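[1] Could you look at this predicted model? Sequence included:
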Amino acid sequence: IVGGNVFIYPTEVGERMGDNIRDWEQVHPYYREQGQALAANLRQLTEQGDDPIKMLTARAKELGIRFWLTCRMNEIHEDDERFMVLRSLFKQEHPELLHGKNYHPEAIYAPKKGYSYAWDYGQTQVREHFLALFREWLQYDIDGIELDFCRSPCLFPPGQERKGMRLLTDFMTKLRAAAHATSEDRGHQIELAIRVPPSLERCRAAGIDVRTWI
């Protein structure tokens, strides 16, 4: 993953690195060269019919390594101007799906501009977007998917965590069902790993009903 909705594989659900940048001169110099290289590499691979994930899965099998994909569920580096290369055009065009001015304290860069690009998982479209993304991932020959809710656990705007808990559990139930169905088709288990805050109390505070998930 690169950013909250920007990826370095030929995704049809999220955005491909480079497609999210209208003007590279506006990108912070620290990341401009790296971002341009990532975008150019992905474009070249795609044009010649290659897919980075397929290439990595094939190599992992040769080496006998289990291969997983991982996703930060709320990447908020976009809030910092230095990390503009990660910023999603989709997010900019759909502020109603974000925390916006009602940002969570975990969005550490947001106070500088009074706005956060963090996803609001209380919105149906956000949850459906990530289900579509992970269904795309399940089309690859992977062994598992890791969902990282720790960086950063600002899944809902302040005060909406308890209300959102049920919605997030429903999201996880649907994802587990999709992974199970793919496992049945493939004849081997595709696992889910969930990275969450290190206590039940902190999970509840973030809107994560980890006891039910277990």
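    Thanks, I have the structure now. Being a predicted model, the structure only gives us computed values, none of them experimental.
[2] Against residue 203, how distant is residue 34?
    Per CB to CB, to the nearest Å, residue 34 is found 34 Å from residue 203. In this view, the C-beta of every residue, glycine as well, is placed from N, C-alpha and C.
[3] And those two? Which one has more around it.
    Ranked by neighbour count (other CB atoms under 10 Å), residue 34 and residue 203 place residue 203 first, with 19 against 12.
[4] Mind telling me what element the more buried one is part of?
    According to DSSP states H and E, residue 203 maps onto helix 200-206.
[5] ok, and for that helix, which residues are buried?
    Going by neighbour count (16 or more other CB atoms under 10 Å), the buried part of helix 200-206 is 203-204, 206.
[6] Following the chain onward from that helix, which element is next?
    Next along from helix 200-206, by DSSP H and E: helix 210-213.
[7] which residues sit against that following helix?
    169, 172, 194, 196, 200, 203 (CB atoms under 8 Å, 6 or more residues apart in numbering).
[8] Specify which member of these is nearest to residue 150.
    For those, the minimum distance to residue 150 (CB to CB) is 6.5 Å, reached by residue 196.
[9] is it true that the closest one touches residue 146?
    No: if you go by CB atoms under 8 Å, residue 196 and residue 146 don't touch, sitting 11.3 Å apart.
[10] Those two: which is more packed in?
    A direct count of neighbours by other CB under 10 Å for residue 196 and residue 146 places residue 196 higher, at 17 against 14.
[11] quick one: contacts for the more buried one?
    149-150, 153, 203, 206, 208, 210.
[12] Which one of the residues you listed is nearest to residue 71?
    The shortest approach to residue 71 among the contacts of residue 196 belongs to residue 149, at 9.9 Å (CB to CB).
[13] thinking again about what came up before, now tabulate the contacts of helix 210-213 in TSV and tack on distance to residue 70 and pLDDT.
    As requested, those are exported to TSV (distance: CB to CB, whole Å; pLDDT from 0 to 100):
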residue	distance to residue 70	pLDDT
169	21	98
172	16	98
194	11	96
196	14	97
200	23	96
203	19	97
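[14] Tell me which two in those are the farthest apart.
    172 and 200 (16.1 Å).
[15] Do you have the helices of this protein handy? List them.
    With DSSP state H as the criterion, the chain has helices at 29-47, 52-63, 89-93, 124-137, 161-186, 200-206, 210-213.
[16] can you put the ones you listed in TSV and add distance to residue 115?
    Listed next are the helices of the chain as TSV, based on distance: least, CB to CB, whole Å:
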stretch	distance to residue 115
helix 29-47	20
helix 52-63	32
helix 89-93	11
helix 124-137	17
helix 161-186	20
helix 200-206	21
helix 210-213	29
